[in-house]
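Asks: Sequence and predicted structure are below.
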Amino acid sequence: MKIHNLPSPGDYIDIHSHDAAPSAGIFTVENLMAHEGKTPAEKKGIAYAIGIHPWYLSELNHDDLIKTVLLTAGNENVIAVGEAGFDKLRGPSIDLQRKAFEEQVKISEELKKPLIIHCVRMWDELLMTHKKLRPSMPWLVHGFRGKKELAFQLISRGMYLSFWFEFILRPESSGLLRELPHGRIFLETDGADVSIKDIYAKVSEDLGISLNKLKDIMAENFNNFFA
């Protein structure tokens, strides 16, 4: 996949955000939700993902949302499909969530663009689906705030993890970070009123590495994820 818009050397990479505005020194992957009807634009330092969030999926809008993803995901500024996924607490039936998720996996595979995932309390479903479909494109679980055992289960399936911003800023996240392979992690703001620079500063301190070294790790992970 040729990416039209790439991070510059030394950029902070915010792997998952919403309603992002261009900001010097920051490269952002902005998530477009299919039900919103937004389209990717030419903005310096911003690329896009497009997907169906399970909260906004229903039997009535399913077909239209899938068409929107199909029409939008081929845009050269769209570098990933998602956020797609499963939510036990909010959304339609599991059968409909599963159907829409597998359709988006198919789009991801056909376009050779990786998948960004939303998952709440349905990890067994996610892991079983990955085992069943055996995707060739990598998957990224965004907003992760689970335990070490779950993190390693996901990583063992070849997935990447991006951490929920509030979790990563807590002191207790540092222990988990130090145990995970650096090559499988990303950082995000999820569109919240928080600076990606503050998140990087906290994580570089937790890992005992320089800010520039952390930027290099995130850049390498970005290149591998979107290879």
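Replies: Cool, the structure landed.
Asks: Show me the helices in the protein, by range?
Replies: 62-73, 94-111, 123-133, 148-156, 165-168, 173-179, 196-207, 211-225 (DSSP state H).
Asks: neighbouring contacts of the fourth one?
Replies: Contacting residues not belonging to helix 148-156 are listed as 123, 126-127, 141, 144, 161, 176, 179-181, 184 [C-beta atoms under 8 Å, 6 or more residues apart in numbering]. All C-beta atoms are positioned from the backbone trio N, CA, C, and that covers glycine.
Asks: Could you find which two of these are furthest from each other?
Replies: 126 and 179 (21.1 Å; C-beta to C-beta).
Asks: returning to what we had before: only the buried members of the contacts of helix 148-156: can you turn that into a PyMOL selection?
Replies: Only the buried entries of the contacts of helix 148-156 go into this PyMOL selection, using 16 or more other C-beta atoms under 10 Å:
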select buried, resi 123+126+127+141+144+161+176+180+184
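Asks: ok, so of the contacts of helix 148-156, who is nearest residue 73?
Replies: residue 141 (19.4 Å).
Asks: related to what we said a few turns ago, now the helices of the chain in JSON lines, with mean pLDDT and distance to residue 26?
Replies: Formatted as JSON lines, those follow (pLDDT from 0 to 100; distance: least, C-beta to C-beta, whole Å):
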{"stretch": "helix 62-73", "mean pLDDT": "98", "distance to residue 26": "23"}
{"stretch": "helix 94-111", "mean pLDDT": "98", "distance to residue 26": "25"}
{"stretch": "helix 123-133", "mean pLDDT": "97", "distance to residue 26": "29"}
{"stretch": "helix 148-156", "mean pLDDT": "97", "distance to residue 26": "26"}
{"stretch": "helix 165-168", "mean pLDDT": "94", "distance to residue 26": "14"}
{"stretch": "helix 173-179", "mean pLDDT": "94", "distance to residue 26": "21"}
{"stretch": "helix 196-207", "mean pLDDT": "97", "distance to residue 26": "6"}
{"stretch": "helix 211-225", "mean pLDDT": "98", "distance to residue 26": "11"}
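Asks: if we compare those, which one ends up closest to residue 11?
Replies: Ranking the helices of the chain by proximity to residue 11 (C-beta to C-beta) places helix 211-225 first, at 7.3 Å.
Asks: Can you tell me what sits against the closest one?
Replies: So helix 211-225 is in contact with 7, 9-13, 15, 114, 138, 140, 160, 182-187, 200-201, 203-204, 207, 209, going by C-beta under 8 Å, 6+ apart.
Asks: Please repeat the previous calculation with a cut-off of 10 Å.
Replies: The contact list for helix 211-225 (C-beta atoms under 10 Å, 6 or more residues apart in numbering) reads 3, 6-15, 25, 27, 29, 79-80, 114, 116, 137-140, 160, 162, 182-187, 197, 200-201, 203-207, 209-210.
Asks: From the chain's centroid, how far away is it?
Replies: How far helix 211-225 lies from its chain's middle: 15 Å, per C-alpha atoms, centre = their mean, to the nearest Å.
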